[in-house]
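A.B. asks: Curious how this folds, go ahead:
(one chain, ligands or ions: 1)
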Amino acid sequence: MSDKLFSPSKEFSRKARISQMERYWEIYNRSIKNPEAFWGEVAKRINWVKKWDKVREYDFVEAKIKWFEGGTLNASFNCLDRHVEAGFGDQIALIWEGNDPSKSTTFTYAQLLEKVQKFSNVLKNLGVKKGDRVCLYMQMIPELPIAMLSCARIGAIHSVVFGAFSADSLRERINDSTCKILITQDTGVRGIKNDIPMKANADKATAKTPSIKHVVVVKRTGEIVNFEENRDIWWHDEMEKAEPKCEPEIMGAEDPLFILYTSGSTGKPKGVLHTTGGYLVYTSYTHEMVFDYHENDIYWCTADIGWITGHSYIVYGPMANRAVTVMFEGVPNYPDYGRFWEIVDKHKVNIFYTAPTALRALMKEGDDWVNRNNLSTLRLLGTVGEPIKEPEWLWYYNKIGKSKCPVVDTWWQTETGGILITPLPGSTPLKPGSATLPFFGIEPVLLSEDGKEIDGNNVSGFLAIKAPWPGIMRTLYGDHKRFRNTYFSQCPGYYFTGDGASRDEDGYYWITGRVDDVLNVSGHRIGTAEIEGGIGKANGVAEAAVVAYPHDIKGQGIYAFVTLMTGVQPDEAIRRGILEMVTKEIGPHAKPDKIQFTPALPKTRSGKIMRRILRKISENDIEHLGDTSTLADPSIIDALVDGRI
Ligand code: WT7
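C.D. replies: Numbers count the residues shown, from 1 in each chain. Next up, the predicted model:
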């Protein structure tokens, strides 16, 4: 923990939406005391076809949550038509920066609307109706947000699957929500990779997805790909034929907007479902307040749209606010480590939002890459995805922000839809590594093991939230029971986040990380059970247990303990087989960094793996293995310690 305090500069505060702590507390208290009045007021920021009957209705025991019930609206109308109708059609909505530094394009709000209407008609022509699921498996190309907004326009539910996921992962997700259409691209480019086999993966996945009727393919690279007659369709062919106008479907506030799969503590991914009204209100409001967004600011969130950060803070939040938003196809180290700063310079970015893992990777390459570019347009910096440590926070603040830009460390989750704990940049004094204080309307609590609220400051516990906010997910697709069990039953009466946190003497929150079997690798959330399942399928493997260990760049690295079948010797082929199987089953981002072969795993007499011991071994902290007497076979410890990598 750091005791340093960084207050916003007078210059920043003067123009900020919230410029004093008194003002923050005043609004915060009001939002907690009378949430219905508060959110009813906030909800006016978006366009409703019909106003809601009731602002909020919820029951955390049954896990039933509704916001703005009775209200009707359309998300795509709110992100596009509304701005065009107000005379801002020529304003830039999206700046797309290609993987190749010489390629970038812009789309105005009118241009996006034109494309979205056409693609909405393409989907309709393919038989997509309100409530149907459409899977999007793409890299960071403009057609991705266009397809999302088109789904939203006709009331179809999009399910974006991150472009690095394997064919197997894609298939599992398509089948879980029985998607009717899959949208993908021929191949993808990202950094030095120029042949990411998107369509080929899609073909492998759809070999066993009976619900898929058509595959729409964007021509991104022109690579020759397999095409299945009657089923596969080129995006550009259909767009040429499509009618130019498509009226937005009138949706209920609680109609689903999208599903986004995320990892939990079991092997099966969870289809987090977000609905229309509350999500749009929450993402647009937080985007404006947390990033202190002002008209014409150039805003860049470096996340991939395949994760929630991209959904909420590249697409829906910014576009509902008529922001100018940058979307980047590439990676921070291509063609070199200066790429991020070159883009900031090139597009004159004012607000920059990234992940600590990217900062760590760039920081270690030295300041020359930074100094080569003019970063004077930057006004505000943000981070998300994992706890940020003091060294990278200070580097970000001093070197990138030149000690004049507030750093908003935003804590939230796929499930929360938007940011819950965060500084407000014009008012909150910052402490490096702390996400600081709750956003308006959010009541965080720390709970003990037995689910009791821990009062006062200088305490720590499980982080939970007392009451819903408009952006909270409504269910897990097709599995409301799991939704209730995962989030509302461990600590009845609260939304359980799965994170641990402490609250310091000033009431600031410090997120310490997951308390469940979920890893955070380079800001990517992966369940240990998923990785173990993948390893378990590899040749020769009997059993595996995966834990996280501290990793300089990734935050957490993946350490796998593997036992082999009797008679199988650990060698390079077995190792390679494991890495290949994990890549095939999940994707390259889930590959173990370290594999330790061991004659056995440490288990209790009831057969439960004692991960605490494995964690200590992976951290090289053998002095603190703790009590090992409850192990069925305590002698295994020596072998585990000797085999450390
Ligand atoms: C988990 C959620 C929400 C966008 C990206 C990740 C961790 C997220 C922070 C932060 C410390 C953070 C938590 C959380 N996390 N932001 N600012 N400080 N930890 O979304 O994949 O759903 O992961 O990421 O552990 O539970 P996600």
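A.B. asks: Could you check which helix or strand contains residue 260?
C.D. replies: Element membership for residue 260, per DSSP states H and E: strand 256-262.
A.B. asks: So for that strand, mean pLDDT?
C.D. replies: On average, the pLDDT along strand 256-262 is 98.
A.B. asks: What is it packed up against?
C.D. replies: helix 143-154, strand 157-160, strand 270-275 (3 or more C-beta pairs under 8 Å, 6 or more residues apart in numbering; DSSP states H and E). Bear in mind the C-beta positions are built from the backbone N, C-alpha and C, glycine included.
A.B. asks: Give me the neighbour count for residue 270.
C.D. replies: If you count neighbours by other C-beta atoms under 10 Å, residue 270 ends up with 25.
A.B. asks: Alongside the ligand, which residues does the stretch 51-200 of the chain contribute?
C.D. replies: Within the stretch 51-200 of the chain, no position is near the ligand by C-beta under 6 Å from any ligand atom.
A.B. asks: Please identify the residue of the stretch 51-200 of the chain positioned nearest to the ligand.
C.D. replies: With C-beta to the nearest ligand atom as the measure, residue 162 is the residue of the stretch 51-200 of the chain nearest to the ligand, at 10.3 Å.
A.B. asks: returning to what we had before: mean pLDDT for the helices and strands packed on strand 256-262 - can I get that in TSV?
C.D. replies: As requested, those are exported to TSV (pLDDT from 0 to 100):
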stretch	mean pLDDT
helix 143-154	99
strand 157-160	98
strand 270-275	98
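A.B. asks: Distance to residue 176 added to the ones you listed, as CSV?
C.D. replies: As requested, the helices and strands packed on strand 256-262 are exported to CSV (distance: least, C-beta to C-beta, whole Å):
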stretch, distance to residue 176
helix 143-154, 17
strand 157-160, 9
strand 270-275, 6
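A.B. asks: Most tightly packed of those?
C.D. replies: Comparing those by mean neighbour count (mean count of other C-beta atoms under 10 Å), helix 143-154 comes out on top with a mean of 27.
A.B. asks: Can you name the residues of the chain that neighbour the ligand?
C.D. replies: With C-beta under 6 Å from any ligand atom as the criterion, the chain comes near the ligand at residues 262, 308-309, 384-387, 409-414, 435, 497-499, 511, 513-514, 520, 525.
A.B. asks: Any stretches of this structure with poor pLDDT?
C.D. replies: Within the chain, the ranges that satisfy pLDDT under 70 run 1-3.
A.B. asks: need the contact list for residue 75.
C.D. replies: Contact partners of residue 75, counting by C-beta atoms under 8 Å, 6 or more residues apart in numbering, are 149, 152, 153, 251, 257, 276, 280, 316, 320.
A.B. asks: Take these and write them to TSV, including distance to residue 197.
C.D. replies: Shown next, in TSV, are the contacts of residue 75 (distance: C-beta to C-beta, whole Å):
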residue	distance to residue 197
149	27
152	29
153	30
251	35
257	30
276	34
280	35
316	29
320	34
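A.B. asks: what angle sits between the longest helix along the chain and helix 143-154?
C.D. replies: Ranked by residue count, the top helix of the chain under DSSP state H comes out as helix 109-125. Calculated by axes from the mean of the first three to the mean of the last three C-alpha atoms, to 10 degrees, helix 109-125 forms an angle of 70 degrees with helix 143-154.
A.B. asks: Which elements pack onto helix 109-125?
C.D. replies: Using 3+ C-beta pairs under 8 Å, 6+ apart, helix 109-125 is in contact with strand 92-97, helix 143-154, helix 235-241.
A.B. asks: can you list contacts of the helix or strand just after it?
C.D. replies: Beyond helix 109-125 on the C-terminal side, the first helix or strand identified by DSSP H and E is strand 133-136. Strand 133-136 has contacts (C-beta under 8 Å, 6+ apart) with 123, 128, 144, 147-148, 151, 156-161, 170, 173-174, 177-184, 212, 259.
A.B. asks: re the thing from before, which ones are touching the residue of the stretch 51-200 of the chain closest to the ligand?
C.D. replies: 304, 306, 307, 587.
A.B. asks: where does the residue of the chain positioned farthest from its centre fall, phi/psi-wise?
C.D. replies: In the chain, the residue that sits farthest from the middle, by C-alpha atoms, centre = their mean, is residue 567; the gap is 42.7 Å. Backbone geometry at residue 567, expressed as degrees, to the nearest 10, gives phi 90, psi -10.
A.B. asks: how near is it to the ligand?
C.D. replies: Plainly put, residue 567 is 40 Å away from the ligand if you go by C-beta to the nearest ligand atom, to the nearest Å.
A.B. asks: and the residue in the stretch 201-350 of the chain positioned nearest to the ligand, how many neighbours?
C.D. replies: When scored by C-beta to the nearest ligand atom, the stretch 201-350 of the chain has residue 309 as its residue closest to the ligand, at 4.5 Å. Residues near residue 309, counting by other C-beta under 10 Å, number 23.
A.B. asks: just residue 460 next, same as before
C.D. replies: There are 16 residues near residue 460, going by other C-beta under 10 Å.
A.B. asks: Check for me that it belongs to a strand.
C.D. replies: Yes - Residue 460 forms part of a strand when assessed by DSSP: H, G, I helix; E, B strand; the rest coil.
A.B. asks: Test my guess that it contacts residue 448.
C.D. replies: No - between residue 460 and residue 448 there is no contact under C-beta atoms under 8 Å: 9.9 Å.
A.B. asks: shared neighbours, these two?
C.D. replies: When contacts are counted by C-beta under 8 Å, 6+ apart, residue 460 and residue 448 have residue 454 as shared neighbours.
A.B. asks: Show me what counts as buried in stretch 635-645.
C.D. replies: Under the neighbour-count criterion of 16 or more other C-beta atoms under 10 Å, stretch 635-645 has 636, 637, 640 buried.
A.B. asks: and what of stretch 466-480?
C.D. replies: Under the neighbour-count criterion of 16+ other C-beta under 10 Å, stretch 466-480 has 467, 468, 469, 470, 471, 472, 473, 474, 475, 476, 477, 479 buried.
A.B. asks: The second one touches residue 56, doesn't it?
C.D. replies: Yes - Residue 468 lies in contact with residue 56 (C-beta under 8 Å); the separation is 7.1 Å.
A.B. asks: ok so, going back, let's have the helices and strands packed on helix 109-125 in CSV, adding distance to residue 216.
C.D. replies: Formatted as CSV, those follow (distance: least, C-beta to C-beta, whole Å):
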stretch, distance to residue 216
strand 92-97, 19
helix 143-154, 8
helix 235-241, 6
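A.B. asks: what's the closest of these to residue 455?
C.D. replies: helix 143-154 (42.5 Å; C-beta to C-beta).
A.B. asks: how far does stretch 214-230 sit from the chain's center?
C.D. replies: 28 Å (C-alpha atoms, centre = their mean, to the nearest Å).
A.B. asks: End to end on it, go ahead and measure it.
C.D. replies: 8 Å (C-alpha to C-alpha, to the nearest Å).
A.B. asks: again, but for stretch 498-512
C.D. replies: First-to-last distance for stretch 498-512 - C-alpha to C-alpha - comes to 11 Å.
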